[in-house]
Each structure stands twice: as C-alpha cells, then as structure tokens.
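K.L.:
Need the 3D shape of this:
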Amino acid sequence: MKEKLLLILENITPWLLSNGLRIALLVIGGVILYKVLSAVVKKTVEVAVSPDKNNPDSEKKRKDTLKTIFLTSIKIMFLIIIGMMVLKEFNLDVGPLIASAGIVGLALGFGGQYLIKDIISGLFIILENQYRVGDIVSLDGTGGLVEDVTLRITSLRDLDGTVHHIQHGSVTTVSNLSTEYHRVNLNVGVAYETKLEHAIEVINKVGQQLAEDAEWKEKIITPPQFVRVDAFSASSIDMKILGDILPPNKWAVMGELRKRLKIEFDKEGIVIPFQQVVLHNAK
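P.N.:
Reported below is the predicted structural model:
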C-alpha cells in the first residue's frame, strides 16, 4: 500500500509542479483580472450615467441594472475561457467542445435573434435614459405610464387601465412626454365679430390667474398666453395659446384652462362658434 502511494505521488508530483501550477496561476490571474475589470466597469457606469436630481431612485436602479448586465457578461466570458484552458491542462481535447459550442451558439442565434435584439435595444434604452419608470411615453403610437422596464420589455398602462407589454426590439420611435417640461398647445376659436384685443386680454388674464392659483402654480412654469392668430377657419378665428408646465400635469392643466376660458368667455360675451347648417325650403 505504501509503495502504491509513493508511486502515485511520484507520478502526480511532476503534473502538480507543471500543469497544476499553471491551473492555479490561471485561476488566480482570472480572479484578479475579473476584480480589476469589475472595478473599471462600475466606475465607468457611474461616470456614464447622467445624474438625475429629480429621481435619484430611478438613477440608482439604472446604474445597478447596467452593472449587473456587464458584470454577468464578463463573469460568463471568464468562466468559459478559463474553463477551456483548465481542461486543456488535464490533456482533454477542447476542440470538440468548441465545435459543439459553436453549433449550439449558431442554433441559439437563429432561434434567439429577436430576444437578443430586444435585450440590446433595452440596454441602450437604460444606458441612454430614454425613459424610466413613472414617465409618460408613446412607443410607436402606444402611449401610457411606464410601470416597468426590463432588458426585454417595457410595460405601459394607458388611461383605460390596460397594460401593454412592448418588446424593445420592435420599437422604432420613442416619444417621452415627461422630459423637463410639457407644453400647453391649445387653439381656441372665437366668432368673427369678436374684438380680438378683448379676446386676447381675457385669454391672458385667465392664463395668469391660473398660474397664480395656489392649487396650480406649482405645476406651471410659464402662464398660458396668447401667441398668435393661428387660422381663419370656416366659422371661427383660431387663437393659439402656449405655456410651459411641469410633467405630468399637462392634461390636468389644459382641462382646467379650458374650463376657466369657457366660464370667462361667457361672462365677457365672447362667443365660441360651432358649426351650423341652415336649411331652406324650396318653394
């Protein structure tokens, strides 16, 4: 028994001093390199992601997501490369494994190309901060409140309460309605016999009063005001009103502005015309 043990030690010692030592160095070197790359990736993400003072939680979530993606990818790459090199030290032929991996990768490439497209698109959405949870967006015409963003899909809830799950790879146009400010862009029609100076005065007064109202002033950046006569329509003179407001208050502010304009127009005798059809009896 002792002789067998000595024989095994005699045979394994050269391997440990050569192949075993190389394996140890590979593993240690791989761990050190992974730690260095991880630190570089974390620092790069911290610098690359623009700060968001209005939504620090969303900023942290975006940074954590990007770090997880990059670090997981690097870890998988290191495990595969070092694993192949270690197997080679055991005198195993890694050629068939590489070929098999290539065939499997090709099959997955054909079957998962849309998944990969979704993930890459999602990565850029997060990296570029195109939108985040809580924003109001329109993705190729489908609008709603962003409830969740993953690497593959974005979940939107529309005004009817319906949740839309949209794959990132299928999106070509992203419209973010919550970036910095919204704009009141409203046309109000008045009758042709209206004195324009009077109508302009009333519009500006209503917009200013709305901006100074305690309930609404924190939502409005610049008061809605008359800008120009926008068009001569069939039965009205269309007056353009513009004003900047903080998201996501656009629809609430515009609804309140319409209500106040109608009340004030009624008080001032300003007519908002509507289409009428006059029928004449043939004699």
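K.L.:
Only C-alpha atoms from now on, for both contacts and neighbour counts.
P.N.:
OK.
K.L.:
the bottom helix or strand of the protein by mean pLDDT?
P.N.:
helix 95-111 (a mean of 58; mean pLDDT, DSSP states H and E).
K.L.:
Look up the pLDDT of residue 14 for me, please.
P.N.:
Residue-level confidence at residue 14 comes out at 64, pLDDT.
K.L.:
where in the stretch 151-283 of the chain is pLDDT low?
P.N.:
Counting by pLDDT under 70, the low-confidence segments of the stretch 151-283 of the chain come to 275-283.
K.L.:
Domain map for the protein?
P.N.:
Recorded structural domains for the chain (assignment: automatic domain parsing) are 2-111, 132-176, 182-268.
K.L.:
residue boundaries of the strands in the stretch 101-250 of the chain?
P.N.:
Under the criterion DSSP state E, counting those that start in this stretch, strands of the stretch 101-250 of the chain are mapped to 136-139, 142-149, 153-157, 163-167, 174-176, 182-190, 225-232, 237-245.
K.L.:
mind putting those strands in a markdown table, distance to residue 122 and mean neighbour count included?
P.N.:
Supplementary listing: these in a markdown table, determined by distance: least, C-alpha to C-alpha, whole Å; neighbours: other C-alpha atoms under 10 Å:
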| stretch | distance to residue 122 | mean neighbour count |
| --- | --- | --- |
| strand 136-139 | 13 | 20 |
| strand 142-149 | 8 | 19 |
| strand 153-157 | 7 | 20 |
| strand 163-167 | 9 | 17 |
| strand 174-176 | 12 | 16 |
| strand 182-190 | 25 | 19 |
| strand 225-232 | 40 | 16 |
| strand 237-245 | 29 | 21 |
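K.L.:
who wins for proximity to residue 200 among these?
P.N.:
If you check each of those against residue 200 by C-alpha to C-alpha, strand 225-232 wins as the nearest, at 6.2 Å.
K.L.:
Could you list the residues in contact with that closest one?
P.N.:
187, 200, 203-204, 207-208, 237-243 (C-alpha atoms under 8 Å, 6 or more residues apart in numbering).
K.L.:
which pair in the residues you listed spans the largest distance?
P.N.:
Farthest-apart pair in the contacts of strand 225-232 is 208 and 237; separation 22.1 Å (C-alpha to C-alpha).
K.L.:
packing partners for whatever helix or strand residue 40 lives in?
P.N.:
Residue 40 is located in helix 21-48, with elements delineated by DSSP states H and E. Packing contacts for helix 21-48, counted by 3 or more C-alpha pairs under 8 Å, 6 or more residues apart in numbering; DSSP states H and E, involve helix 56-89.
K.L.:
And the helices in the stretch 151-283 of the chain, which stretches?
P.N.:
Counting by DSSP state H, counting those that start in this stretch, one finds helices in the stretch 151-283 of the chain at the ranges 196-212, 250-268.
K.L.:
TSV please, covering the ones you listed and showing mean neighbour count and distance to residue 81.
P.N.:
Formatted as TSV, those follow (neighbours: other C-alpha atoms under 10 Å; distance: least, C-alpha to C-alpha, whole Å):
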stretch	mean neighbour count	distance to residue 81
helix 196-212	17	63
helix 250-268	15	54
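K.L.:
Tell me which of these approaches residue 174 most closely.
P.N.:
Of all the helices of the stretch 151-283 of the chain, the one in closest proximity to residue 174, counting by C-alpha to C-alpha, is helix 250-268 (18.6 Å).
K.L.:
CA-only coordinates of stretch 202-215 in PDB, if you can.
P.N.:
What follows is stretch 202-215, C-alpha atoms only, in PDB (Å, rounded to 0.1, in the frame of the first residue of the first chain):
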ATOM      1  CA  VAL A 202     -59.300  87.800 -21.500                       C
ATOM      2  CA  ILE A 203     -57.100  84.800 -22.600                       C
ATOM      3  CA  ASN A 204     -54.000  86.300 -21.000                       C
ATOM      4  CA  LYS A 205     -55.900  87.200 -17.800                       C
ATOM      5  CA  VAL A 206     -57.200  83.600 -17.400                       C
ATOM      6  CA  GLY A 207     -53.800  82.100 -18.000                       C
ATOM      7  CA  GLN A 208     -52.200  84.400 -15.500                       C
ATOM      8  CA  GLN A 209     -54.900  83.700 -12.900                       C
ATOM      9  CA  LEU A 210     -54.400  80.000 -13.400                       C
ATOM     10  CA  ALA A 211     -50.600  80.300 -12.900                       C
ATOM     11  CA  GLU A 212     -51.100  82.300  -9.700                       C
ATOM     12  CA  ASP A 213     -53.700  80.000  -8.200                       C
ATOM     13  CA  ALA A 214     -52.400  78.200  -5.100                       C
ATOM     14  CA  GLU A 215     -53.600  74.800  -6.400                       C
END
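K.L.:
Great, nothing more from me.
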